[in-house]
Every structure is written in C-alpha cells, then in structure tokens.
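Q: how would this look folded up:
(chains A and B)
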2 protein chains.
Amino acid sequence: MGQPHTGLQLRSLVRATGELELSLVDAALPEPGSGEIVVRIAATPINPSDIGLLFGAADMDTATFSGTRSRPVVTARVPERAMKSMAGRVDQSMPVGNEGAGVVIAAGSSPAAQALMGKTVATFGGGMYAQYRCLPIDQCLPLPEGATAADGASCFVNPLTALGMVETMRREAHSALVHTAAASNLGQMLQRICLQDGIHLVNIVRKPEQEALLRAMGATYVCNSSSPTFMDDLTDALAATGATIAFDATGGGKLAGQILTCMEAALNRSAKSYSRYGSATHKQIYVYGRLDPAPLELTGNFGMAWSVGGWLLFPFLQEIGADGGARLRARVARELKTTFASRYSKTVSLAGALSPESIAAYRRRATAGKYLIDPSLTD
Amino acid sequence: MGQPHTGLQLRSLVRATGELELSLVDAALPEPGSGEIVVRIAATPINPSDIGLLFGAADMDTATFSGTRSRPVVTARVPERAMKSMAGRVDQSMPVGNEGAGVVIAAGSSPAAQALMGKTVATFGGGMYAQYRCLPIDQCLPLPEGATAADGASCFVNPLTALGMVETMRREAHSALVHTAAASNLGQMLQRICLQDGIHLVNIVRKPEQEALLRAMGATYVCNSSSPTFMDDLTDALAATGATIAFDATGGGKLAGQILTCMEAALNRSAKSYSRYGSATHKQIYVYGRLDPAPLELTGNFGMAWSVGGWLLFPFLQEIGADGGARLRARVARELKTTFASRYSKTVSLAGALSPESIAAYRRRATAGKYLIDPSLTD
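A: Residues are numbered from 1 along each chain as shown, chains lettered A, B, ... in the order given. The predicted structure is shown next:
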C-alpha cells in the first residue's frame, strides 16, 4: 500500500491568551531512520496521565465545540492564576498520547527494524493519538502471537507502573503495600500481581461497588474511605499486613495523612515504650497521580519517621536500568491477556475523542469509564 | 560533700482523665555504675523539642497553678480529640529535658569515669530538668577549659542539628540549602556554619527585625515570608544559590509547598523543554519541627520530583555512625563559644520554670525568648 506521507494527529495547544485548543491536524510523517519503524496506530488508551497534557490547566466546564464532525475543534479557558504553570508549553502545539499499539507498515534499513515489518507492536513515547507514528525500535514491544492491538494498547504505562510499585516496595525494604483508587485498571493489575506473588496489598476505594469488584478478584484487604469506620478498618488492615508504603493516585486532600496516621497507629499497637517522636519505623507515601485537585493536606499524628513524595514511572525505569526494565517488560508480554489485561468502556475515533460526550465521560476518570482511541476509525 | 541520695526532678504526667500535671518530685539518685557518672546539673535549656514532651497535647490556655512557691503544680486540659496521640505516655510520670551541663560529683569505678570527677561536662539523654543526673560517660562531652555549664548547656541538640543539616545536604548531593524560622538560635548557628564553610544558605523569616539580625551576621539571602514579594524574592534566591533542599521548623501551613513551588520555578528558568511532570531535579523538604500546629498543606506547582518528610537528629546520628558523630562533636567543642554559642533571655530555677510568667514566655517559642534552667537555684 506504500507509506503515507501525512496522517491525522491530535494536538493540544495552550495560547498565551489563556485559551486551550484541541484539534486534529495533518502531520507530515518522516521517513523512518535505520533503527526506526512506522506504526499504523490501531489502539491507544486515554490514561489519567494523558488527560493532564490534553487539558492542561483548562477549566473544561468552559469548553465550547466547533469545527466539523471529522475535524472538531474544542476550546476552553485556562484560569488566569493557572497560566503560570502552563508557561513551559505556551503556544506550542503538542501531540498527545503516551502509549498505543498497531501494525508496523514501514521500517528503516537495519535488520532489527526490518524484522518488525507487518508485526503488531506496542509502543510508548508520546504522540500516539495519531494515525501513524514513527519511532525507534527500542520504544516498541512486539506482541505475542494472537494478541491484537487493543490487547497491547495499554501495555506500558499501567503494567510497568504496577510492577514498579511492587519493585519499589521491595527495593525500599517494605514487605506489603497500600494502594489508593484501587479499583482502577491499574489497581486491578496490581491486585493480580500481588495475588500471584504472595504480597499483602491494602486496597483503598471510595465506593461499595469498587470494594465488591476487588473482593470478587480475590482481594483480602479493601477499605472504603467513605465508610464511617474507615480509619479503624485501615488501621486493622495495616496491622495485619505490616504495610508501611503506599502509592497514592489522588495526590490531594486528606487521604495521604490518614494513611500515615493509620500506619503509625498500627505500628504503635506493638510499641514497647513511648517516644514523643513516634514510631521509628519509616512510613512512605508515594504520590503518582492527581485525581484530587485539592491541596494535599497532612493532618494527624504520625511521628517523625515519614515521607511523602512524587513517584514517576520513567525516573523509576532509569533507576532500575536496562536489565531491570527488560525483565519487567518480558513479564508484561508473558501475562498480557491475564495479569495485565485492560478493559475499556468505549472505543472512539480521533474525532470521536473530541466529542462533547466523550470528553464529559473520560474527564471523570471513573474506574468504569476508560476510553480507547482507534485512529483507523473514520467515525 | 558526699553523694546526695535524692534530688528534685521536673515531671510531666498526662492522666487518662485528660489532665496534664507538671510538678517537681524528689527522685532517688542511683549509685553510678562502673562506666557512669553523676552530674550536678547547672544549666539546661528549654528547647522547642523539650516543650513537646513537657506540655504534650495539653491546651496551655487552660493552665491552672497551685502548690507552693518551691513545689509548684501546673495542671491543664488535654482536648479529648488529642488524647489518642497521648496513648503511649498516659499515666507515666515522665522526666523532661534533652540536654544540659554541670559538674561531675560522683563517678563509677572505671578509669574513664573517674577521670571526669570534678569536670564540667555537657550531657544529653533526657531527664535533665533535675538537680542531679546519673548517666553513661558516652552521653557526656567534657567542656574545654574555661567553658561554663551555661556555655555548654545547649551543645548537643542545636549544634548537632545544624551540622546535621549541612551534612545531610552534602550526603544527598545538594549544593546549597534553605532554612525556615531562620533567626532562631539554631538558625543563627547554621548561618555561622555556612559562612565558615562557604555554603549558600537561603534564610526564611517572618519579621523585618529577624531579617536585620541575620543580615547583621553576614547573611546574603534572607526572605521575609510576610512580605508581598516573598514568592518572587525566594525564587530569586533559589535561582541564585541552586538550593534544592530545605529544612523546615514550622511543619505546618503552606510554607513547605511555597518553597517547593519556588524551587520548581527557579529550576524552570533554565529549563530547555516542557514536561508536564515538571523539572526532573529532585526537590527535598525536611520537616524537623512543628512551630505551626496547622495541617501541612501542599499547594502550588512543583512537578513530580519532590519529597517532604520528617528529619530527626538521633536517626541521623545513627546513620552517620560513631565516627561521623565524633567528628561533629569535636567541631562543637572546638567552636563552643563562637559558632555554637547560644543566648538566653532568662535563667530560672526548676520551680521558676513552672511559674505562670515563665510558661507564658517560653511556650511562645520566640527567637528572643529562650529560657535556661539552673536547677541549683533555690528561687
């Protein structure tokens, strides 16, 4: 069929005037270099981490929709006070989409690139909300026989993040862990990993149906933060598991402080003597998302041996090095349709991803509302 | 004169009924073991870290004063909601006072203990608000010739904390540091250390007179958090110094988040490309005090490469080991009357430390209001 010269690409632009514009553009497709391939993207998920780049600091309640059905344009206001945080991207039209999967339709001259021709691969590296993406072969993972692009679309961000949490827990000498927003696709993966590896996981959710979902998967410890007995439930679970590290997707509000407080209370159940500085056991919270835009508020009593900090996949992967990364990716490939399976509520075209209905749905970032884009759909 | 068998000791007791009681008791003095000495305490400071144990979670606005002039009794209410945090110390009468200094009046049989007889030593280990304290010789530092007990009274907590901050900065590969509540005795020591060692220090204070005090000492970077230009001033200072680690004595309110936000803004001044995760340079806040009892609220934009956590002297000393600790203590002894000199606003007896006027003064924890107890005073 010959290599196309241009392809549709979704772009996010924050103008200095304080306006966000989402649109589709015809982007030129480069010739692949020797170690590069061109992938015809067939499946690319809308992850929470994509939504941050997509919407920037815009207030999506102010969104207006124009353009045509096949070339929609979405505009929204960025509040004045938030423009400072946008300084680094102002007036740059940015491609979006951390990961995706599709078929290799062109390849550079190297044997390794040529070997991928016609194969279905998963890819990462940004700009995946596009019909075509040219990228180095080391940003690709050939999918096992029988796996579709949709099977492999989410095979980097969530699987490596979930594995990274377990790896970080081990590297920092904790023996069990806590996860918030635990009914998410990522949370379900983490529960499956922990069941398989025999690791105690304390899941924190907000709703009874999320608790039911995790329990049906085999989860032992699920605490509902909306329950009046939440603090006691969580302390019991922490005392039972000994978990002293948590990965928090909310990144705002009081949850991180509540977890620290309950960890401290659980540790103090077996304390031998009083120290006004609290337990000497280190309590760690890693914030890896920002589902709650409220300020992160640390209240409660958790002594002095604590830390709250950001956790990101790519710095973690750099830390564990190429061998560590390869080991994790190999596990993802092996267990793609089991441990690391993702579920989507809807598949849309590039244009469809910019419809009022789609944006209203995926901006809620609800467990059951994950969207997949198939750029080959013409709507 | 012979060794006394009992001595006055200040005690803090939180009863299960929710009442704090401060009083003086006659405590029996043990015979020193082979490697121990008995010190007649002549100077012991009231540090912020002592006030935490002294008052517990009591609301000192409810304090009532009874007893006699020489045996005062102070009682105050612990709010119901705060009793949980007191669980570890309920109904235990606790001695108070982290550090002090005085003359060795009795010694165990070991030559090392005997060698200290009659010497003026600084000591740490709790229970220093007392006429006499028996303790192992490795918790003592013989003071240099000509140094009084008052000179050596504060020679552990503040000096080792200030040196520990600089040491932590180096060990974690930062090249400059930030300090809050910077006009404190500790802050002044830190400024003197940094001037001597050629380290850039960004001081944060709340009042113009504190700024003037530090500038008069030779401080280059002093930012007043009450100034309307605080965020800009701090960002400028951080850009000039490259400081990416801060030690925060306030531990509550918005200051930690403001520092992170300004660090990020300073780093982004030289950023080459946009990342929605912010600068990849790690930004560290260590909370070592709790001058502000408000919740610690992290707001602002500081990307994902950050951490906020507790920092305590004793775990730090364990981390650097015996040799590291000895090196720091040797420097303190050498520079006792210069770099590590402390100033006190008032010297009181043990009974005087429990007077309404004293408590009203030192519970404010003001820079100019540091109290010294001399247990040999009879009032």
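Q: Please count neighbours and contacts with C-alpha atoms only from this point.
A: OK.
Q: longest helix anywhere in chain A?
A: Looking only at chain A and at elements set by DSSP state H, the helix with the highest residue count is helix A:313-334.
Q: what are the ranges of the helices in the stretch 1-150 of chain A?
A: Here the stretch 1-150 of chain A has its helices, by DSSP state H, counting those that start in this stretch, at A:48-55, A:111-114, A:149-152.
Q: if we can go back for a sec, ok, and what's touching the longest helix of chain A?
A: Identification of contacts with helix A:313-334 by CA atoms under 8 Å, 6 or more residues apart in numbering or on different chains yields A:141, A:143-144, A:155-157, A:159-161, A:163-164, A:340.
Q: how about the residues you listed in a markdown table, adding distance to B:Asp248, pLDDT and secondary structure?
A: Putting the contacts of helix A:313-334 into a markdown table (distance: CA to CA, whole Å; pLDDT from 0 to 100; DSSP: H, G, I helix; E, B strand; the rest coil) gives the following:
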| residue | distance to B:Asp248 | pLDDT | secondary structure |
| --- | --- | --- | --- |
| A:Leu141 | 45 | 90 | strand |
| A:Leu143 | 50 | 94 | coil |
| A:Pro144 | 52 | 91 | coil |
| A:Cys155 | 41 | 92 | coil |
| A:Phe156 | 38 | 93 | coil |
| A:Val157 | 35 | 92 | helix |
| A:Pro159 | 37 | 96 | helix |
| A:Leu160 | 35 | 95 | helix |
| A:Thr161 | 31 | 96 | helix |
| A:Leu163 | 34 | 98 | helix |
| A:Gly164 | 31 | 98 | helix |
| A:Phe340 | 42 | 94 | coil |
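Q: Output stretch A:304-318 as PDB - backbone C-alpha positions only.
A: C-alpha atoms of stretch A:304-318 as PDB (Å, rounded to 0.1, in the frame of the first residue of the first chain):
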ATOM      1  CA  MET A 304       8.700  12.000  62.500                       C
ATOM      2  CA  ALA A 305       9.700   8.900  60.500                       C
ATOM      3  CA  TRP A 306       7.700   9.600  57.400                       C
ATOM      4  CA  SER A 307       8.000  10.900  53.800                       C
ATOM      5  CA  VAL A 308       5.600  11.900  51.100                       C
ATOM      6  CA  GLY A 309       6.900  12.400  47.700                       C
ATOM      7  CA  GLY A 310       6.300  12.100  43.900                       C
ATOM      8  CA  TRP A 311       6.800   8.800  42.100                       C
ATOM      9  CA  LEU A 312       7.000   8.600  38.300                       C
ATOM     10  CA  LEU A 313       7.400   5.700  36.000                       C
ATOM     11  CA  PHE A 314      10.300   7.000  33.800                       C
ATOM     12  CA  PRO A 315      12.700   8.000  36.600                       C
ATOM     13  CA  PHE A 316      12.000   4.700  38.200                       C
ATOM     14  CA  LEU A 317      12.800   2.800  35.000                       C
ATOM     15  CA  GLN A 318      16.000   4.800  34.700                       C
END
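Q: tally of neighbours for A:Gln284?
A: Using other CA atoms under 10 Å in any protein chain shown, A:Gln284 is surrounded by 25 other residues.
Q: Output the contacting helices and strands for the helix or strand it falls within.
A: With elements taken from DSSP states H and E, the one containing A:Gln284 is strand A:283-287. Contact partners of strand A:283-287 among helices and strands, from 3 or more CA pairs under 8 Å, 6 or more residues apart in numbering or on different chains; DSSP states H and E: strand A:245-248, helix A:255-268, strand A:306-310.
Q: And stretch A:313-322, what's buried?
A: The neighbour-count check on stretch A:313-322 (16 or more other CA atoms under 10 Å in any protein chain shown) flags A:313, A:316-317 as buried.
Q: okay if I get the helices and strands packed on strand A:283-287 as JSON lines plus mean neighbour count, distance to chain B and mean pLDDT?
A: Converted to JSON lines, the helices and strands packed on strand A:283-287 look like this (neighbours: other CA atoms under 10 Å in any protein chain shown; distance: least, CA to the nearest CA, whole Å; pLDDT from 0 to 100):
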{"stretch": "strand A:245-248", "mean neighbour count": "27", "distance to chain B": "13", "mean pLDDT": "98"}
{"stretch": "helix A:255-268", "mean neighbour count": "24", "distance to chain B": "8", "mean pLDDT": "96"}
{"stretch": "strand A:306-310", "mean neighbour count": "22", "distance to chain B": "4", "mean pLDDT": "98"}
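Q: Now distance to A:Ser376 too, for the ones you listed, in TSV please.
A: Output for these, formatted as TSV (distance: least, CA to CA, whole Å):
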stretch	distance to A:Ser376
strand A:245-248	35
helix A:255-268	41
strand A:306-310	36
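Q: Spatially, what comes nearest to the most far-flung residue of chain A relative to its centre if we skip its sequence neighbours?
A: Taking CA atoms, centre = their mean, the residue of chain A most remote from its mean C-alpha position is A:Ser273, at 42.0 Å. Among residues not flanking A:Ser273 along the chain, B:Gly88 sits closest, at 7.1 Å (CA to CA, 6 or more residues apart in numbering or on different chains).
Q: Any residues of chain A in contact with chain B? List them.
A: By CA under 8 Å from any CA of the partner chain, the residues of chain A that approach chain B are A:52-53, A:85, A:88-89, A:268, A:273-276, A:288, A:295-299, A:301, A:304-312.
Q: Quick one, which of those residues are buried?
A: Using 16+ other CA under 10 Å, the buried members of those are A:52-53, A:85, A:88-89, A:268, A:274, A:276, A:288, A:295-299, A:301, A:304-312.
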